[in-house]
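Chemist: have a look at this prediction, sequence included:
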Amino acid sequence: MLECYNCTLELNGLLASQNVDAIVVSTLVNVRYYTGFTGSNGLLLVTRKGPLLLTDPRYTTQAAQEANCPAVIVKGPTLKEVAKRLKALKAKRIGVEDQRISFALHRGLAKLGELVGLGDAVEKPRWVKTPDETVKIRASVALNSQALERAMKHFKVGMFETDLAAEIDYQMRKLGAEGTAFDTIVASGAHSALPHAKPRRVKIAAGGYLLIDMGACLNGYMSDMTRTFGVGEMPRKALRIYKAVLEAHLAAIDAVRPGKLATKVHQAAVDVLKKHGLAEYFVHSTGHGLGLEIHEPPRLGGKAKTKLEEGMLVTIEPGVYVEGFGGVRIEDTVRVTGTGVEALTTTPKGWTIAG
Ligand code: ZN
Ligand code: ZN
């Protein structure tokens, strides 16, 4: 059974601070965070009587094994069971995850009482990782790096992008990953200028970039890394762009420290690219948190108001994308420490590979 990430503390605290009689957590990843239950159907109901997990008969055994709070196996509609319990407690005000709740659940719950949007209050504890989560993310990051190292042993100029992507995914599985955190990106030549390119049945040629963005899912926790290589003999412009992105990447990592506004980290990357006349080709934010989901707060973007806190894990991934020429992105995962930053990703940022 997993350690309870304190339904009692966090969610009971919310019952009081938001002045609600019940909290309904319906987002699976949040249900998992609070209860440890990993099934595909579950709802967490928190009232003054304590937390209760509701799921269906497919998960009788799994709920008993995983959940750190009492579980009720519901044969019919979950909402009916929730209604029964809320009525018994004479609950009037019901707190919900207003950013994520389904329309159907919203409509059903609205008949039972006054709904109170909890904003990001339910999710916020997830932004700062517990020691146990940090250990899991470290393992996922290490596996991801090892998978790339192994996969690149099979790299040959002229191989298909899809073949290299398949090799990467295979190595992740062989190393024990449950799966990939997202669809692996392998993009070569001018195609690398698409930040979220899909691998194609196209040969990776010498003289162009090779961009690989990959992540593993291990024990439910995601990793995320991008490396860009120059394949064989490269034009001078390609190396110039690479060096500028690397400089921006390192400057952004340097800017990470507790108490700093997330947007300042983004600005550090932008400033370097501006100096090189490349800022207009940087079209996304500098990074994001990750954990049970691949993209979590805090976002490290131009308008990010979040202050970095010790224990947050974020990616640092500036990129430059020149249409018709190619793109470079370099992405690591780092941890905000008590005094600064710790790099989790250990994969070297070498440049060329044999052509
Ligand atoms: Zn990535
Ligand atoms: Zn990322």
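Modeler: In hand now; what should we look at? Computed from a predicted structure; not experimentally measured. Numbers count the residues shown, from 1 in each chain. Ligands and ions are numbered 1, 2, ... in the order given.
Chemist: which parts of the protein sit against ligand 1?
Modeler: Residues of the chain lying near ligand 1 by CB under 5 Å from the ion: 213, 224, 226, 331. All C-beta atoms are positioned from the backbone trio N, CA, C, and that covers glycine.
Chemist: could you export those as a markdown table, including pLDDT?
Modeler: Listed next are those as a markdown table, based on pLDDT from 0 to 100:
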| residue | pLDDT |
| --- | --- |
| 213 | 98 |
| 224 | 98 |
| 226 | 98 |
| 331 | 98 |
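Chemist: among the residues you listed, which one lies nearest to residue 111?
Modeler: Using CB to CB, residue 224 comes nearest to residue 111 of the residues of the chain next to ligand 1, at 41.1 Å.
Chemist: that closest one and residue 215 touch, don't they?
Modeler: Yes. The criterion here is CB atoms under 8 Å, and residue 224 meets it with residue 215 at 4.2 Å.
Chemist: need the overlap of contacts for the two.
Modeler: Common neighbours of residue 224 and residue 215, counting by CB atoms under 8 Å, 6 or more residues apart in numbering, are 144, 181-182, 290, 294.
Chemist: can you pull the contacts of residue 331?
Modeler: Neighbouring residues of residue 331 by CB under 8 Å, 6+ apart: 213, 224-227, 249, 287, 315-317, 345.
Chemist: now those: which count as buried?
Modeler: Buried subset of those (neighbour count, 16 or more other CB atoms under 10 Å): 213, 224-227, 249, 287, 315-317, 345.
Chemist: farthest pair in these?
Modeler: With CB to CB as the measure, no two of the buried ones among the contacts of residue 331 lie farther apart than 227 and 287, at 15.5 Å.
Chemist: list the helices and strands the helix or strand of the chain with the lowest mean pLDDT packs on?
Modeler: One helix or strand of the chain scores below all others by mean pLDDT, DSSP states H and E: strand 352-353, with a mean of 76. Here strand 352-353 touches strand 225-231, going by 3 or more CB pairs under 8 Å, 6 or more residues apart in numbering; DSSP states H and E.
Chemist: packing partners of the strand it packs on?
Modeler: helix 131-152, strand 209-214, helix 236-255, strand 326-329, strand 352-353.
Chemist: which one of these lies closest to residue 23?
Modeler: Residue 23 lies closest, by CB to CB, to one member of these: helix 131-152, at 21.7 Å.
Chemist: from the chain's centroid, how far away is the helix or strand just after that closest one?
Modeler: The helix or strand immediately downstream of helix 131-152 is helix 161-174, counting by DSSP states H and E. Its chain's average C-alpha position is 20 Å from that of helix 161-174, according to CA atoms, centre = their mean, to the nearest Å.
Chemist: same thing with stretch 148-155?
Modeler: How far stretch 148-155 lies from its chain's middle: 24 Å, per CA atoms, centre = their mean.
Chemist: what of stretch 245-254?
Modeler: Here stretch 245-254 is found 21 Å from its chain centre; the criterion is CA atoms, centre = their mean.
Chemist: what about it and ligand 2, touching?
Modeler: No. Stretch 245-254 does not reach ligand 2 (CB under 5 Å from the ion); its nearest approach is 12.4 Å.
Chemist: buried residues, that stretch. List them.
Modeler: Residues of stretch 245-254 classed as buried: 245-253 (neighbour count, 16+ other CB under 10 Å).
Chemist: would JSON lines of those with distance to residue 63 and pLDDT be doable?
Modeler: Below are those laid out as JSON lines (distance: CB to CB, whole Å; pLDDT from 0 to 100):
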{"residue": "245", "distance to residue 63": "47", "pLDDT": "97"}
{"residue": "246", "distance to residue 63": "48", "pLDDT": "97"}
{"residue": "247", "distance to residue 63": "50", "pLDDT": "98"}
{"residue": "248", "distance to residue 63": "47", "pLDDT": "98"}
{"residue": "249", "distance to residue 63": "43", "pLDDT": "98"}
{"residue": "250", "distance to residue 63": "46", "pLDDT": "98"}
{"residue": "251", "distance to residue 63": "47", "pLDDT": "98"}
{"residue": "252", "distance to residue 63": "42", "pLDDT": "98"}
{"residue": "253", "distance to residue 63": "41", "pLDDT": "98"}
